[in-house]
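Engineer: here you go, sequence then predicted model.
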Amino acid sequence: MARDTDVGGETLAGLWRRPLAGGRSIDGWLEGRTERLLQAIAQRPVRLAIILLVCNRAIGGALYSVTEPDSDWFDGAWWVLVTQTTVGYGDFAPESFLGRATAELVMWTGILAVAILTAALAGVIAERRIERARTAAHAQTTTLDDDFDHLIARLESDTQYLSEHLRRLKDVTNDPRVVAALADANLAKEKGL
């Protein structure tokens, strides 16, 4: 018994991957087209988003004025703007099938354009933050180098200070009175006193 996904004995997944005339499957063809589209968007995202918004408003406004009775292009352009921004006042709404199909196109195009603009803005912000962090890291590295020089100088001076005090302590411990007192303390310790 054939499943719902069978078409002439072959599953839809099999048809999807079957080579076309050029040797590529539908899946491979779509993947290639999607990659080319993404590369085109990445080259000039802001320009593309603005073109999408402007064309969407002009064409959507014209289609609205043609498909909806008693409306002109200005009503359509207003409706497109309200739809694109998802405000949806409700003062204009398509009633015909073609008008609603236009609305769907306007909505998806508006969402895509806003997503592209948001991603482009996020990319610029991230790029600036990375550059600031890189500049700050370079400044810190310069400061860190100076800090090492200061630390080395301090260790050298502290070593000299410690050396002087250790010599004085040695001189004190070589004093016959100190030697005698230490010997008495050791003797008392051995006797358990």
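Structural biologist: That came through, no problem. Since this is a predicted model, take the numbers as computed values, not measurements.
Engineer: which residues in this structure form helices?
Structural biologist: Listed in chain order, the helices of the chain (DSSP state H) span residues 12-17, 26-43, 45-67, 73-84, 97-173, 176-191.
Engineer: any weak-confidence spans in this structure?
Structural biologist: 1-23, 139-145, 147, 151, 193 (pLDDT under 70).
Engineer: pull the residues that contact stretch 88-102.
Structural biologist: Residues lying outside stretch 88-102 but in contact with it, judged by C-beta atoms under 8 Å, 6 or more residues apart in numbering, are 60, 63-64, 67-68, 71, 75-76, 78-79, 82, 103. C-beta coordinates here come from the backbone N, C-alpha and C atoms, glycine included.
Engineer: end-to-end on it?
Structural biologist: When the termini of stretch 88-102 are compared using C-alpha to C-alpha, to the nearest Å, they are 15 Å apart.
Engineer: which parts of it are buried?
Structural biologist: Using 16 or more other C-beta atoms under 10 Å as the burial criterion, the residues of stretch 88-102 that qualify are 92, 94, 99, 102.
Engineer: repeat that for stretch 70-84.
Structural biologist: Of the residues in stretch 70-84, those with enough neighbours to count as buried (16+ other C-beta under 10 Å) are 71, 75-84.
Engineer: repeat that for stretch 105-112.
Structural biologist: Along stretch 105-112, the positions that meet the burial threshold by neighbour count (16+ other C-beta under 10 Å) are 106-107, 109-110, 112.
Engineer: in CSV, list the buried residues of stretch 88-102 along with distance to Ala183.
Structural biologist: Output for the buried residues of stretch 88-102, formatted as CSV (distance: C-beta to C-beta, whole Å):
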residue, distance to Ala183
Phe92, 110
Pro94, 110
Gly99, 112
Thr102, 109
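Engineer: which phi and psi does Glu95 have?
Structural biologist: phi -110, psi -20 (degrees, to the nearest 10).
Engineer: okay, it and Leu105: tell me how far apart.
Structural biologist: Separation of Glu95 from Leu105 (C-beta to C-beta, to the nearest Å) stands at 16 Å.
Engineer: Glu131 now?
Structural biologist: 39 Å.
Engineer: same check, this time on Tyr64
Structural biologist: In this structure, Tyr64 lies at 11 Å from Leu105, with C-beta to C-beta as the measure.
Engineer: re the thing from before, for the buried residues of stretch 70-84, which one is nearest Val172?
Structural biologist: Distances from these to Val172 were compared by C-beta to C-beta; the smallest belongs to Gln84, at 89.3 Å.
Engineer: ok, and the closest non-adjacent residue to Ser71?
Structural biologist: Take Ser71 and drop its neighbours on the chain: the residue closest to it by C-beta to C-beta, 6 or more residues apart in numbering is Ser65, 5.1 Å away.
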